[in-house]
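Colleague: fold the following, please.
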Amino acid sequence: MRTAIKTIEARQILDSRGRPTIEVDVVLNDGSRGRAAVPSGASTGTHEAHELRDGDPQRYWGLGVLKAVAHVNSDIAHNIEGFDALDQRGLDNRLRELDGTEQLKRLGANAILGVSIAACRAAAASRSLPLAAHIAELAGVPTQHMPLPMVNILSGGLHAGRGMDAQDFLAIPARANSIEEAIHTISLVRSAAAQVCQARGLPTLLADEGGLSPGCRSGMEALELMCQSIEAAGLRPGEDVLIAIDVAATSLKDKDGNYRLAREGKTLSSSEMIAMMRTWVDTYPVVSIEDGLDEEDWAGWTELTEQLGARIQLVGDDLFTTNQKRLQKGIDDKAANGVLVKVNQNGTLSGTLDVVAIAKASGYSTIISARSGETEDPFIADLAVGTAAGQIKIGSLRTSSTVCKYNQLLRIEAESRALYAGSQALGIQK
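Modeller: All right, here's what the predicted structure looks like:
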């Protein structure tokens, strides 16, 4: 069989933070090849699929992935070689069976995902199909769409040494009519933000995802800086450019169940966090808030959604961890109205596609997302287009690991007839 997997080979490479990660090559009988490099997160949810690390303090501070590499080159290769790469779901099911644990703790989700994505790429190459088109068929999506980008401008939290309490403040190009125009708009805002920070004597050091780390003392101060940056770019806040916030509230939770905002010198209850977010939305053109509350604060999430869900996009990242069961609980509890989709949180491509499908069927927005520890693999650009997710969150327009994904979107737009989703993908009125 020409599309059967002939060989699988893994190796240890480095991600955007200089930390080890796994890269996998899959070769089919017809010579078609696929390669995948697996990203890694900093702000991670408890329920994510398990990233297997070596734990050897003498090698890369214990962060090596040679165990995951060995699992690919031995257990996985022995059991998967000869499998038809066109049967993505069958392959992914087989990989999960080989591991035998819910969170893929035995072989490692990083090992399994590397094989899953590399096989997908090889299958697309064998069919002489663009990767996004192949993914669209796997997802059962009749019409591909270019996604609306959500781009880091200011960063704090675990992405920037706790310089701000909230993790990221992002810009959304509201009036762009194409990916090319959207990226240009964001480029203007990102450059203007650096200039505004310099003029005010604020730090302009880069955070993990390429955003600036000015160390604002409060969310309101950061939002004011965002609006000033948009205006400095010659654009209008709330019209040309909208604002999104990633609070990453799980990392703010203390042992008493409250939220400690160390930079502001405050400790807030769940209801006080909701009130703070409502003030942000009332005062500034904020249209999306991600992880505004802790991953287990289900009652708070339901209340937050009841208060703000009709006005803005409320996105679960740590809350859902690209996990079908947790997303279904959110749907049942009316918690959030959007889901951040990260393939390495799930562990397989098929499982990720299932989460996107369930979210869409329930009226939840879907945002394909990168991680803070990225690679030069632009896979998520094709994933966002192929699934017609509507939105993508890559990082800022800095460093090769993020820019390569924007460049891939530009290529796809130039080579395909995919329509641009635009701000309608937010599904809200501001």
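Colleague: domain ranges for this protein, per the record?
Modeller: 5-128, 145-426 (automatic domain parsing).
Colleague: nearest to Ala139, of the ones you listed?
Modeller: Nearest to Ala139 among the domains of the chain is domain 145-426 (4.9 Å), distances taken as C-beta to C-beta. To be clear about C-beta, it is placed using only N, CA and C from the backbone, and glycine gets the same treatment.
Colleague: let me know the average pLDDT across the closest one.
Modeller: The average of the pLDDT scores along domain 145-426 is 94.
Colleague: next one: stretch 75-91
Modeller: Per-residue scores along stretch 75-91 average to 97.
Colleague: so which residues make contact with that stretch?
Modeller: For stretch 75-91, the surrounding residues in contact (C-beta atoms under 8 Å, 6 or more residues apart in numbering) are 1, 3-9, 26, 28, 34, 94-95, 98, 107, 111-112, 115-116, 119-120, 122-123, 126-127, 138, 349-350.
Colleague: dump the domains of the chain to JSON lines, plus distance to His134 and mean neighbour count.
Modeller: What follows is these, written out as JSON lines (distance: least, C-beta to C-beta, whole Å; neighbours: other C-beta atoms under 10 Å):
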{"stretch": "domain 5-128", "distance to His134": "4", "mean neighbour count": "20"}
{"stretch": "domain 145-426", "distance to His134": "7", "mean neighbour count": "21"}
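Colleague: and the helix or strand harbouring Met226, how far out from the chain middle?
Modeller: Assigned by DSSP states H and E, Met226 belongs to helix 219-232. A distance of 24 Å separates the centroid of the chain from that of helix 219-232, by C-alpha atoms, centre = their mean, to the nearest Å.
Colleague: picking that back up, so which of the contacts of stretch 75-91 belong to helices?
Modeller: Of the positions in the contacts of stretch 75-91, 94-95, 98, 111-112, 115-116, 119-120, 122-123, 126, 138, 349-350 sit in helices, assigned by DSSP state H.
Colleague: what's downstream of the helix holding Met226, the next helix or strand?
Modeller: Counting by DSSP H and E, the element after helix 219-232 in chain order, helix or strand, is strand 241-246.
Colleague: for Arg260, give me phi and psi.
Modeller: Backbone torsions of Arg260, given as degrees, to the nearest 10, read phi -100, psi 110.
Colleague: name the nearest residue to it, ignoring sequence neighbours.
Modeller: Spatially, and ignoring its direct neighbours in sequence, Arg260 is nearest to Asp254 (4.8 Å; C-beta to C-beta, 6 or more residues apart in numbering).
Colleague: tell me the spacing between the one you found and Thr322.
Modeller: 26 Å (C-beta to C-beta, to the nearest Å).
Colleague: can you check Gly347 too?
Modeller: 9 Å.
Colleague: Met277: which element?
Modeller: helix 270-283.
Colleague: quick check: angle from that helix to strand 241-246?
Modeller: Interaxial angle, helix 270-283 versus strand 241-246 (axes from the mean of the first three to the mean of the last three C-alpha atoms, to 10 degrees): 170 degrees.
Colleague: where is the longest helix in the chain?
Modeller: helix 179-199.
Colleague: before we move on, the earlier item: the helix holding Met226 packs against which elements?
Modeller: Applying 3 or more C-beta pairs under 8 Å, 6 or more residues apart in numbering; DSSP states H and E, we find helix 219-232 packed against strand 148-155, strand 168-173, helix 179-199, strand 241-246, helix 270-283.
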